[in-house]
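>>> 3D, please:
(chains A, B and C)
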Amino acid sequence: MVYKERLDGRKIDELRPMEAKVGVVPSADGSASFKSGKTWAIAAVRGPRELFPRFLQNPQKGMLRCHYGMMPFSGSGERIRPGSSRRAQEISMVMMNALEPVVDLSAFPNAVVDVFVDLPQTDAGTRCAAITAASMALAHAGIPMKDMISSVAVGQVDGTVLADLTYNEEAYDAIVSDIPVAVLHNSKEISLLQMDGEISKDDLIKALELAQQVSEKVYEVQMKALKDYYAKEEKQ
Amino acid sequence: MITNKTAISDLAKQEKRLDMRNLTDYREPIVIDTNISWTAEGSARVQIGNTVVMAGVKLSLEKPYNDTPNEGGIMVNAELRPMSSEEYESGPPSIKAVELSRVIDRGIREAKAIDMKKLCLEPGEKAWFVIVDIITINDEGNLFDASGLAVLAAMKSARFPVVDKETGAINYKEKTEQKLPLTKEPVSVTVYKVGGKLLVDPSKQEEEVYDARLTVASDSNGVISAIQKGGPNPLTVDEIGQMADLAAEKANFLREKLNSFLKEN
Amino acid sequence: MSQILVEERSVIIPGEVLAEGMDYLPGDNTYRENDKIYSKVLGLASVSGRVLKVTALAGPYVPKFEDKIICQVTDILMSGWRVNTNTAYSAVLNVKDATQRYIKKEEDLSKILAIGDYVVVKITQVTSQNLIDVTMKLPGLRKIEGGRIIKVNCQKVPRVIGKKASMISLIKEKTGCEITVGQNGLIWIKGTPEGEFKAEQAIKMIENKSHYEGLTVKVEEFLS
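From the prediction side, this is the model:
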């Protein structure tokens, strides 16, 4: 049995419908909302600002700190107890690693840029949505960045390499691998890579190439959201 | 945080505010959206001016408490998310978050707004427990009123999930048409005393400068179901009466807004 | 062979290619990699001769020598005050830079400037670690009394001031307010409450529409 027709009817390299908006948290320095299918992430940036505790301060450059959290009502089953979980801590860390390569905080020694991401609802691909939203929020905040980061999960379900898995596909009753990936737009280098499941090396490479290809679609949505924010109301 | 302390209290004495609103005006727009989260049994997003909060209802089946074997339960929990203001940090709930949770909770629980007995499926064995979580998205003042509205809107839009008749397991992905047994709709309004005058819907700056505040939850008949006084200064009985009156008047204003948004959905 | 790929004053996102080929030079907020010039920030593209630059539409304030800024007193020190500059870095205002008169050793400094007071100061020193010294002893610098303070993104300050201070003069004239603009984005407005509010709205309008052309006309229309 090879998984050829996807549960929601999408093509193998087709992403879920995406929606992005910038400036959704007006009091923050930068913010953005990103929806991919039923997964929705809201990111807000505060900083550069003073960093506590002091022993974390770096005199060479500012620190990027990510805080990922799922809202208690955002899980597909029972309520999620508030408070940090180990999963949230790990995701916060990989988010930071995904964004760091492009962010330039050399003008802000000893300071911190905090990126907060909260998700009101989820359907797989949460860390990818978080990173994609965070990238827009950092740009909106005017943080110096040499490039944008676009993130999407690829994977394999029952022998077929495909893009943007939903929860149902992750839970599919066959051999599945779920591979969240984040891509720097210009160089196509990869700044986030994790894998759950089983996959051959050849299929892994296929999946990564697919990720590089489809992340372009995510980038287009990010670019449009940032430019739309500054779109002029009337034509002069 | 910028706080124009003297400007605000001087202006208030003259019945003026920094943004030229009347003391009893809410900011605009007031926007209420329900069913914003597909994973919640009920949910809402409320915006007052630029202040934005979300609330979500989650339902679970639990064993009733020993002293109330025929009843389900409700709990309201609030999180002041660090994204919403530079004032909030990650970590355990601050006293401000605790107060917000408990005041909104009181307004529903003590109003007996939900018929707890109707939540019971099997006395002593199984009853529905309702948890409403308030998540702040952008705090530009008046989280109290925005949260109260969001919780009410989320509860009104909530639907019970399907329960498998044989196994008793909850299928969260399918909802029934059954609503929460709401008997009353308490709306909470917080009145602030600033520069000796009473105002509603404070901005973040006005919240830094007040003498005292009174949160009053009331239903459409004006019956009060919860009160909380806050702030560093005392109030006279007269002032409390005036604040309660103003709160009831504004509660009806907010209730009308809520109903007009719910009609559209 | 070399070519510019973007229009003047178009909105550019980080990493977007501005030009290809070695004929062009990377200006503010851009960088060159191989033969392409990229943007380093969200902003408006502009070409000046062979130099391509991007004017940021938002961003943190970087403290500079001789900038006039508005700060808030957060702490009283042995011989001065610590002030919040609306950045990640606080500044120190020494008592000798605050007042002409002689201050006795045990004098209560909070009688001169208390915690919470706002001041208009000038930056006299910035170290590589962004330690900042400020002074209040030059003309135009003072403790703030009355009026209100608002915040705009520091990248919009040049637009708020305008060419040869034309924009800020227009607002002052039409609203009858005294207005002091700090380079760090804090602005002090003093007049009647209605005049102050009108000035605040005009400034917020400039902040939101800073990338529009014909902004002076729009502001003038709004203020009339």
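
>>> Can you check what pLDDT the model gives residue B:108?
With respect to pLDDT, residue B:108 scores 89.

>>> What is the burial count for it?
Counted with other Cβ atoms under 10 Å in any protein chain shown, the neighbours of residue B:108 add up to 27. (Glycine included, C-beta is placed from N, CA and C.)

>>> ok, residues contacting the strand or helix carrying it?
For residue B:108, the host element (DSSP states H and E) is helix B:95-109. Helix B:95-109 has contacts (Cβ atoms under 8 Å, 6 or more residues apart in numbering or on different chains) with B:74-80, B:93, B:113-114, B:134, B:143-144, B:147-148, B:151, B:155, B:186, B:188, B:215, B:217, B:225-226, B:228, B:230.

>>> Also stretch C:28-38?
A:144, A:146-147, A:186, C:15-22, C:24-26, C:39-41, C:43, C:52-56.

>>> re the thing from before, so how far is the helix holding residue B:108 off the chain centroid?
Taking Cα atoms, centre = their mean, to the nearest Å, the mean C-alpha location of helix B:95-109 is offset from the chain mean by 8 Å.

>>> what's the neighbour count on residue 123?
You didn't say which chain, so I picked chain A. 21.

>>> Chain C, not that one
By other Cβ under 10 Å, 21 other residues sit near residue C:123.

>>> on that earlier part again, could you flag which of the contacts of stretch C:28-38 are buried?
Buried members of the contacts of stretch C:28-38, scored by 16 or more other Cβ atoms under 10 Å in any protein chain shown, are A:144, A:146-147, A:186, C:15-16, C:18-20, C:24, C:26, C:39-41, C:43, C:52-56.

>>> Stretch C:188-205 near chain B anywhere?
Yes: counting by Cβ under 8 Å from any Cβ of the partner chain, chain B has neighbours in stretch C:188-205: C:193-194, C:197.

>>> er, stretch A:94-108 I mean
No: Stretch A:94-108 stays clear of chain B (Cβ under 8 Å from any Cβ), getting no nearer than 14.1 Å.

>>> contact partners of that stretch?
Residues outside stretch A:94-108 that contact it (Cβ under 8 Å, 6+ apart) are A:48, A:60-66, A:68, A:111, A:113, A:115, A:117, A:127, A:130-131, A:134-135, A:138, A:143-149, A:151, A:182, A:184, A:189, A:191-192, A:194, C:14-15, C:40, C:60, C:62, C:88, C:130.

>>> and if we set it to 6 Å?
Here stretch A:94-108 makes contact (Cβ atoms under 6 Å, 6 or more residues apart in numbering or on different chains) with A:48, A:61-62, A:64, A:66, A:68, A:130-131, A:144-147, A:149, A:182, A:191-192, C:62.

>>> what's the longest helix in chain B?
Secondary structure assigned by DSSP state H gives helix B:237-264 as the longest helix of chain B.

>>> show me the contacts for the spatially most central residue of chain C.
Nearest residue to the geometric centre of chain C (Cα atoms, centre = their mean): residue C:183, 2.5 Å. Listed by Cβ under 6 Å, 6+ apart, the contact partners of residue C:183 are C:67, C:69, C:157.

>>> likewise residue B:113?
Residue B:113 neighbours (Cβ under 6 Å, 6+ apart): B:182, B:184, B:186.

>>> mind running it again at 8 Å?
Residue B:113 neighbours (Cβ under 8 Å, 6+ apart): B:107, B:155, B:182-186, B:219, B:225.

>>> Check residue A:17 too.
Counted by Cβ under 8 Å, 6+ apart, residue A:17 has contacts A:35-37.

>>> Mind pulling up the pLDDT for it?
Looking at residue A:17, its pLDDT reads 98.

>>> Low-confidence stretches in the chain?
You didn't say which chain, so I picked chain A. Applying pLDDT under 70 to chain A flags residues A:1-2, A:233-236.

>>> not quite, I wanted chain B
Within chain B, the stretches with pLDDT under 70 are B:1, B:265.

>>> ok, which residues in it are in contact with chain A?
Residues of chain B lying close to chain A by Cβ under 8 Å from any Cβ are B:36-41, B:43, B:50, B:52, B:54, B:56-58, B:60, B:77, B:79, B:81-86, B:90, B:92, B:131, B:133, B:135, B:137-140, B:172-173, B:204.
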